[in-house]
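1. pasting a predicted model and its sequence here:
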2 protein chains.
Amino acid sequence: MKFGPETIIHGDCIEQMNALPEKSVDLIFADPPYNLQLGGDLLRPDNSKVDAVDDHWDQFESFAAYDKFTREWLKAARRVLKDDGAIWVIGSYHNIFRVGVAVQDLGFWILNDIVWRKSNPMPNFKGTRFANAHETLIWASKSQNAKRYTFNYDALKMANDEVQMRSDWTIPLCTGEERIKGADGQKAHPTQKPEALLYRVILSTTKPGDVILDPFFGVGTTGAAAKRLGRKFIGIEREAEYLEHAKARIAKVVPIAPEDLDVMGSKRAEPRVPFGTIVEAGLLSPGDTLYCSKGTHVAKVRPDGSITVGDLSGSIHKIGALVQSAPACNGWTYWHFKTDAGLAPIDVLRAQVRAGMN
Amino acid sequence: MKFGPETIIHGDCIEQMNALPEKSVDLIFADPPYNLQLGGDLLRPDNSKVDAVDDHWDQFESFAAYDKFTREWLKAARRVLKDDGAIWVIGSYHNIFRVGVAVQDLGFWILNDIVWRKSNPMPNFKGTRFANAHETLIWASKSQNAKRYTFNYDALKMANDEVQMRSDWTIPLCTGEERIKGADGQKAHPTQKPEALLYRVILSTTKPGDVILDPFFGVGTTGAAAKRLGRKFIGIEREAEYLEHAKARIAKVVPIAPEDLDVMGSKRAEPRVPFGTIVEAGLLSPGDTLYCSKGTHVAKVRPDGSITVGDLSGSIHKIGALVQSAPACNGWTYWHFKTDAGLAPIDVLRAQVRAGMN
């Protein structure tokens, strides 16, 4: 079954997920009820009532009931997730531990827990705890040996001033214009997530055209970010009132033009180029000499792309390791060739071949 | 049983905790094995081996085995914890979810999860995940209705430039001088925690003289920080080699002088002063007038510390709420009295009475 760009379903998430085709979605983003167990109202010092989450959908009468619900929707989600897909679940200390254990027990493989640091958190009014200034997301692949999950490493690094993206993200709460209000001028949804958070989740772990499922769609933040980034989405939501807001909001989203969605290529997505291809392409010739960066080790190139050092012969990686008596070696960055501007890593030649392949 | 300032025990943590008297410690700090499930070596791009945690004490053959171990040591810990005590457990995404569920299931009450953001994390070498730049701590009281746990709110706020201490702490990894090396010059313990982290845990959730138990003592960071801050500690460690390092290290610690350990008083620790005491002390007299800060509401003081507005009479809090038709009111900060320098909150008078009580 091919999904259209936008699928919005009003119904129970477990039932509706069970009605979707098996292995049909690339990413799941779930923002389930947090089971906040708020006994009574939370008052600010100026005694105004904090609009906490006391909606009926967040009330579970026990941990066991919450665990049962969690495992049921995670099982249903797992069925519709492709084998090289991934899942994100967000929560707070109230529920994230129980969700994390369910994720591990059902066979998903946790890749990272990500901390959303709120730059403008609600203070702790009673002064009896630390200001709860973050929430936790779990990012997991479908199983331990599912290695082909999408991770746009270079795009994220680029988005982070060329520094590896860390597991803690600093993003403001959803306030002001972006926060959807009901007819009464009040917040339409108590835990609407900032679009910037979904933007980073989607940019980092999906490709344009991927299908993203959100079984707790709420007021449609996942849908808005997905549409903007040229991904398809399926949103399931039980509360009709939330869905109305979601539809209206998503209708206003202007997608980024497809040609503007390219990001820095992730290393693993680039085509594989064996060293033999470099020799075939005439970029290096049999008999040419390769050098380590300091010039202390030299090797001879052979017609089949193997290299020799004295009576040692083998791949650029194996020989590179042997000459350093190291367990392993990335030959592409270890071996250099002579250029007018001095030694350059043979990786440069690989990039040349790849450029010709695109 | 009274504990001396320093108790170091070589043995199994569950056995040794079960040999300690019931309800005898004020705080537990636990840094249990993380069950990192590292399959094979982790290599840097330059193929040097990352000293991961592959020690035998971190190897569990299944989640179930890890859960069993976790619940056993947590039960033993709970028995020795005072009813108004608290527990801290630190972990990573590999184990913290399973620990969190065990903490909740055994009846502890999670107050915060705290994120230790590492300012200098180890990068992700393979570029297949986000750089794992944090660890998570769980801070929990012994039960939901244990309200008298220690939390030095004002001290923490002071330590954070008068801003509420958040649930995410930025502290560097333990490196350089502080990192304990073995005779071979290598790190003595693969996951030695920075003393600054323990300093903040201890400063925020204990009082001088409290007893702190660390059932996974390792090379003694909890002991070093406790000794420095004038708290007693009990350290249990299975590996004799770690204990030798711990003893040597703690022997070098110079405790802060007791008189230098005072911190900003936490609101709840201050003695309770009813408004009646202000009238008794003659700081206000029956018939005096109280004003709200804008002067719009006025009330009369009565001999028993009640106040009246028209035919309404009651406590400073109740009447303060009634005149604002608000659910609750802190009368100490709402009502003011006349001074030469204008209106001042009656809280000032309470501070005066408290000063006399210290």
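-> Thanks, I have the structure now.
2. rest of the way, CA atoms for contacts and neighbours
-> Fine.
3. regarding the residue of the stretch 51-200 of chain A found nearest chain B, what is its secondary structure?
-> Nearest residue of the stretch 51-200 of chain A to chain B, counting by Cα to the nearest Cα: A:F97, 4.0 Å away. At A:F97, secondary structure determined by DSSP: H, G, I helix; E, B strand; the rest coil is helix.
4. so it versus A:P33, what's the distance?
-> In this view, A:F97 and A:P33 are 13 Å apart by Cα to Cα, to the nearest Å.
5. what's the pLDDT at the residue lying closest to the residue of the stretch 51-200 of chain A closest to chain B once chain neighbours are set aside?
-> Spatial nearest neighbour of A:F97, chain neighbours left out: B:F97 (4.0 Å); criterion: Cα to Cα, 6 or more residues apart in numbering or on different chains. If you check B:F97, the pLDDT there is 97.
6. number of nearby residues for B:F97?
-> A count of neighbours around B:F97, defined by other Cα atoms under 10 Å in any protein chain shown, yields 24.
7. for A:A224, same thing?
-> Per other Cα under 10 Å, the neighbour tally for A:A224 reads 25.
8. can you pull the contacts of it?
-> A:E195, A:R249, A:I250, A:V253 (Cα atoms under 8 Å, 6 or more residues apart in numbering or on different chains).
9. for the most centrally placed residue in chain A, list the residues it contacts.
-> The centre of chain A sits closest to A:T205, judged by Cα atoms, centre = their mean, with a distance of 3.3 Å. The neighbours of A:T205, taking Cα under 8 Å, 6+ apart as the test, are A:L27, A:A86, A:Y149, A:T150, A:F151, A:N152.
10. for the contacts of A:A224, which one is nearest B:E259?
-> B:E259 has its nearest neighbour among the contacts of A:A224 in A:E195, at 51.1 Å by Cα to Cα.
11. verify the stated contact: the closest one with A:T222.
-> Yes. Contact criterion Cα atoms under 8 Å: A:E195 and A:T222 qualify, at 7.5 Å.
12. all strands for the stretch 101-250 of chain A, in order.
-> Counting by DSSP state E, counting those that start in this stretch, one finds strands in the stretch 101-250 of chain A at the ranges A:109-118, A:134-141, A:168-171, A:211-214, A:232-237.
13. worst mean pLDDT among these?
-> strand A:168-171 (a mean of 91).
14. which strands or helices does that strand pack on?
-> Strand A:168-171 is packed against strand A:109-118, with contacts defined by 3 or more Cα pairs under 8 Å, 6 or more residues apart in numbering or on different chains; DSSP states H and E.
15. and the residue of the stretch 251-358 of chain A found nearest chain B, what does it touch?
-> Using Cα to the nearest Cα, A:A328 is the residue of the stretch 251-358 of chain A that sits closest to chain B, at 5.7 Å. Contact analysis of A:A328 by Cα under 8 Å, 6+ apart lists A:H317, A:K318, A:G320, A:A321, B:N47.
16. can you select the buried ones from those residues in ChimeraX?
-> To isolate the buried members of these in ChimeraX, using 16 or more other Cα atoms under 10 Å in any protein chain shown:
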select /A:317,318,320,321
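17. thinking again about what came up before, which ones are touching the residue of the stretch 51-200 of chain A closest to chain B?
-> Going by Cα under 8 Å, 6+ apart, the list of residues near A:F97 reads B:I96, B:F97, B:R98, B:V99, B:G100, B:V101.
18. nearest to chain A among these?
-> Using Cα to the nearest Cα, B:F97 comes nearest to chain A of the contacts of A:F97, at 4.0 Å.
19. give me the neighbour count for A:L111.
-> Neighbour tally, A:L111, other Cα under 10 Å: 18.
20. oops, could you answer that again for A:P123 instead?
-> 17.
21. ok, now the one 10 residues further on?
-> Summarising burial for A:A133: neighbours were counted as other Cα under 10 Å, giving 24.
22. would you list the phi and psi of it?
-> Note on A:A133: its backbone torsions stand at phi -110, psi 10 [degrees, to the nearest 10].
23. next one: A:N120
-> Torsion angles at A:N120 (phi, psi; degrees, to the nearest 10) stand at phi -130, psi 60.
24. can you name the residues that contact it?
-> By Cα under 8 Å, 6+ apart, the neighbours of A:N120 are A:A133, A:P172, A:L173.
25. among those residues, which are within reach of chain B?
-> A:A133 (Cα under 8 Å from any Cα of the partner chain).
26. and the residue of the stretch 251-358 of chain A closest to chain B, helix, strand or coil?
-> Under three-state DSSP, A:A328 comes out as coil.
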